[in-house]
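**Student:** Give me a 3D structure for the following:
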Amino acid sequence: MSTFSESIPLLVGRAAVAAEAGPMVDWARENSGAFISGAISVVLILILAVVARALLGRVITHVITRMVNSQARIADGVRNAVNKSAAPVGARQQARADTISSVLRSLASFVIFGVAFVMILGEFGINLGPILASAGVLGLAIGFGAQGLVQDFLSGIFMMAEDQYGVGDVVDVGEAVGTVEEVGLRITKIRDLDGGLWYVRNGEIARVCNMNQDWANAVVELPLAHTVDVEHAERAIERSVTEFAGSAEYDGQLLETPTVAGVVGIANGAVTVRIIAKTRPGEQWAVGRSLRSHLKRSLDQEGIDVAYPVPRIAQT
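**Tutor:** Below is the predicted model of the structure:
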């Protein structure tokens, strides 16, 4: 009898708990289907997003690689027509393709997972209107504040797509003139002649002079004494440049026999004769130095004097 009386409060407590939990159980039973359906939808959305990202990434890589390789074949054809010994720039083109593909894949991933996130929020019944409005305002604020950064990245993408310059090229971008050491989406690193390293934002590059594409010219100007026989001097220079072009030492640097353009200036007691040598890209400076030395020796042998600065004596 005592055991029964002791169990009555326990039974009453359990009944009270069951009564309180009843609505929760009923709610869970009624909404379990919606929970399961929502969970399945979320999983499917994530799976589709991952698959779409992978497929789109492969398509982007394939298309960009074909486009860059097609441009490379055209460029190599032009380069080989000018320079028979020019080597293809496959590594440079592959680097361009990898960089552009990486940027486009990142952009595609951002769009795909952004859409997936919005769809998942919709599955949970969240009102997307205020969220999208806030995101739009935030995007405008960020875009306005970081417009310089966006400009740098866009300029970098177009610069790589158009192959304006690459690592190892000698370029003139205005303030900085030197050899390109690194090409990025935001900045380009240029090493100048004095060894200084310039960090140039791509968005600030308004124009580029690339001295290493296809071919180059070594321009040599000889100031001859005004007393020399110009015709005799030009014939001597013609023989000298022909001998220079026939040297095996410069066979891989010169594309054509240097041409004598003739007299281009008469001033300060000097008659200036210009010689132009067409060279492989990047070889114009070495060829110019060697050609000047060769011409000086030839002129000395012919007894042709070069001009010297005429000192001016101030009258008092």
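
**Student:** residue contacts, the residue positioned nearest the centre of the chain?
**Tutor:** Most central in the chain under Cα atoms, centre = their mean is Met160, positioned 3.5 Å from the mean C-alpha point. Contact partners of Met160, counting by Cβ atoms under 8 Å, 6 or more residues apart in numbering, are Arg96, Thr99, Ile100, Val183, Leu185. In short, each C-beta sits where N, CA and C put it, glycine included.

**Student:** Would you mind checking those for buried ones?
**Tutor:** By neighbour count, with 16 or more other Cβ atoms under 10 Å, the contacts of Met160 hold Arg96, Thr99, Ile100, Val183, Leu185 as buried.

**Student:** from those, which is closest to Ile237?
**Tutor:** Val183 (40.8 Å; Cβ to Cβ).

**Student:** so what's that closest one up against?
**Tutor:** Counted by Cβ under 8 Å, 6+ apart, Val183 has contacts Gly156, Met159, Met160, Tyr165, Gly166, Val167, Lys189.

**Student:** Can you tell me which of those residues are buried?
**Tutor:** Here, 16+ other Cβ under 10 Å leaves Gly156, Met159, Met160, Tyr165, Gly166, Lys189 buried among these.

**Student:** quick one: Phe244 from Gly125, how far?
**Tutor:** Separation of Phe244 from Gly125 (Cβ to Cβ, to the nearest Å) stands at 83 Å.

**Student:** So which of the two has more stuff around it?
**Tutor:** Phe244 (22 against 8; other Cβ atoms under 10 Å).

**Student:** quick one, what contacts that one?
**Tutor:** Applying Cβ under 8 Å, 6+ apart, the residues near Phe244 are Tyr250, Pro258, Ser290, Leu291, His294, Leu295.

**Student:** hmm, back to that, ok, the residue nearest to the centre of the chain to Gly282 distance?
**Tutor:** Using Cβ to Cβ, we find Met160 at a distance of 20 Å from Gly282.

**Student:** Could you do Gln147 as well?
**Tutor:** Distance from Gln147 to Gly282, by Cβ to Cβ: 36 Å.

**Student:** between those two, who's got more neighbours?
**Tutor:** Ranked by neighbour count (other Cβ under 10 Å), Gln147 and Gly282 place Gly282 first, with 16 against 11.

**Student:** Find me the pLDDT at that one, would you?
**Tutor:** We have a pLDDT of 84 for Gly282.

**Student:** From Val177, how far off is the nearest residue to it once chain neighbours are set aside?
**Tutor:** Closest residue to Gly282 apart from its sequence neighbours, by Cβ to Cβ, 6 or more residues apart in numbering: Asn212 at 4.8 Å. Separation of Asn212 from Val177 (Cβ to Cβ) stands at 13 Å.

**Student:** That concludes my questions; thank you for your assistance.
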